[in-house]
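Sequence and predicted structure are below.
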Amino acid sequence: MSLDQPIGDYLSYLEFERAYSPNTVRAYASDLANLTAFARKQDTDELSLEMLRDWLWEASNAGLSKSTLARRSATAKSFSAWLVSTKREPSDAAARLRAPRAERSLPRVLTSQSMNDLFALLVDRAAEGDPVALRDRAIVELLYASALRVSELVGIDPADVDHDRRTVLVTGKGSKQRVVPFGTPAQDAIIAYHQLGRPKLALRAAEPATATALFLNTRGTRLGTRSVYALVSGLLQRFPGSGPEGPHAFRHTAATHLLDGGADLRAVQEMLGHASLGTTQIYTHVTTERLRQTYLSAHPRA
């Protein structure tokens, strides 16, 4: 069986039927392209357990990380199961495929004081009414207040924001929608941007009627995820801490601060839009680690 056509059909299935994000589909496509190239080197198009094990073994010998090997294994298992479900293959070749367990590092979390300092910086930048500065302040306020994914943030339209209830409707993974709250500081920042900053950015659109998003770029069109990554990366370089410097740091920080403040784990799960409680539980590990570090630094008999 040639893998090219089934892989193309599978990626279309992920994109249009499962509604996976473009980044996720690209990751699957990259793994399957690598698998196809390996199969051609082996002069085979047969998807067998032995071939898949050899594929992972080659990647391991090349020095790929455990997390990459685990992702490739998951890709192969998902693709193989789909082949069986669509009756393209009689048996699941990857059913017994195993890969090293991915290394799970704790997410980056900023302290409450760091967040306060960050917001003070953003307020100062926006004080003169620059539309981009007003927008950037509203972005960071909302990322932290509502623990949003960056894809959810850039997908928001003005009509999705309910100022009376202080909630925002977002579309998460798998096109699942949820309503999440935000606080007064975020509301103030959004209103200031919407009234003073967004109209100026909207005027820059080639066709003003196309400026439908809440957050606009300097061309008056919907802001992209890369722009948000660049904004956040530049801001986080000013503050101590290790780990990724992307927008997810604010999502991690918000979840951890909620749990530190006594929020119920299931309520945090619902706010984050996690399908599994196990995914949310990583933040309990963060709070436990913070407690351990506090104990070691403060207890006289630690």
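Nice, I can see it. Please read these numbers as outputs of a predicted model, since none were measured by experiment.

and residue 174, what does it touch?
18-20 (CB atoms under 8 Å, 6 or more residues apart in numbering). No exception for glycine: its C-beta is placed from N, CA and C like everyone else's.

can I assume it sits in a helix?
Yes. Per DSSP: H, G, I helix; E, B strand; the rest coil, residue 174 lies within a helix segment.

mind giving me the domain split of the protein?
Per automatic domain parsing, the domain ranges recorded for the chain read 4-85, 112-296.

Now which of the contacts of residue 174 would you call buried?
For those, a burial check counting by 16 or more other CB atoms under 10 Å picks out residue 20.

how about JSON lines for the contacts of residue 174, with secondary structure, distance to residue 255 and pLDDT added?
JSON lines is the format used below for the contacts of residue 174 (DSSP: H, G, I helix; E, B strand; the rest coil; distance: CB to CB, whole Å; pLDDT from 0 to 100):
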{"residue": "18", "secondary structure": "coil", "distance to residue 255": "25", "pLDDT": "91"}
{"residue": "19", "secondary structure": "coil", "distance to residue 255": "24", "pLDDT": "89"}
{"residue": "20", "secondary structure": "coil", "distance to residue 255": "23", "pLDDT": "89"}
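
Pick the one among the contacts of residue 174 closest to residue 110.
For the contacts of residue 174, the residue nearest residue 110 by CB to CB is residue 20; the value is 29.5 Å.

does the nearest residue to that closest one once chain neighbours are set aside sit in a helix, a strand or a coil?
Of all residues not flanking residue 20 in the chain, residue 14 sits nearest, at 4.6 Å (CB to CB, 6 or more residues apart in numbering). For residue 14, the assignment made with three-state DSSP gives helix.

what's the burial count for residue 14?
18 (other CB atoms under 10 Å).

start at 844 instead
From this message on, residue numbering opens at 844, which makes the last subject residue 857.

Can you give me the distance of it to residue 850?
11 Å (CB to CB, to the nearest Å).

same check, this time on residue 1074
Distance from residue 1074 to residue 850, by CB to CB: 35 Å.

do the same with residue 1036
Using CB to CB, residue 1036 is found at 43 Å from residue 850.

could you dump the domains of the chain to JSON lines with distance to residue 942?
Output for those, formatted as JSON lines (distance: least, CB to CB, whole Å):
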{"stretch": "domain 847-928", "distance to residue 942": "3"}
{"stretch": "domain 955-1139", "distance to residue 942": "19"}
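
closest to residue 931 among the contacts of residue 1017?
Of all the contacts of residue 1017, residue 931 sits closest to residue 861, with 17.3 Å by CB to CB.

Poorly predicted segments of the chain, please.
The chain contains residues with pLDDT under 70 at 844, 943-950, 1052-1053, 1084-1087, 1128-1145.

List the contacts of the residue nearest to the spatial centre of the chain.
By CA atoms, centre = their mean, the chain has its centre lying nearest to residue 992, at 4.9 Å. Residues in contact with residue 992 (CB under 8 Å, 6+ apart) are 1015-1016, 1090-1091, 1094, 1116.

In the residues you listed, which residue is surrounded by the most others?
For the contacts of residue 992, the largest number of neighbours (other CB under 10 Å) sits with residue 1090, at 25 neighbours.

Look up how far residue 891 lies from residue 932.
According to CB to CB, residue 932 stands 10 Å off from residue 891.

Is residue 1021 located within a helix, as I assumed?
No. Counting by three-state DSSP, residue 1021 is not part of a helix but strand.

Surely it and residue 1113 touch.
Yes. Using CB atoms under 8 Å, residue 1021 is in contact with residue 1113, at 7.3 Å.

Please enumerate the shared neighbours of the two.
Common neighbours of residue 1021 and residue 1113, using CB under 8 Å, 6+ apart, do not exist here.

To which secondary structure element type does the closest residue to residue 1079 other than its chain neighbours belong?
Once flanking residues are discounted, residue 1079 sits nearest to residue 1088: 4.3 Å by CB to CB, 6+ apart. Secondary structure, three-state DSSP: residue 1088 is coil.

show me the contacts for residue 1088.
So, once contact is read as CB under 8 Å, 6+ apart, residue 1088 ends up touching 951, 1075-1076, 1079-1080.

Just the buried ones from the residues you listed?
Buried among the contacts of residue 1088 by 16+ other CB under 10 Å: 951, 1075, 1079.
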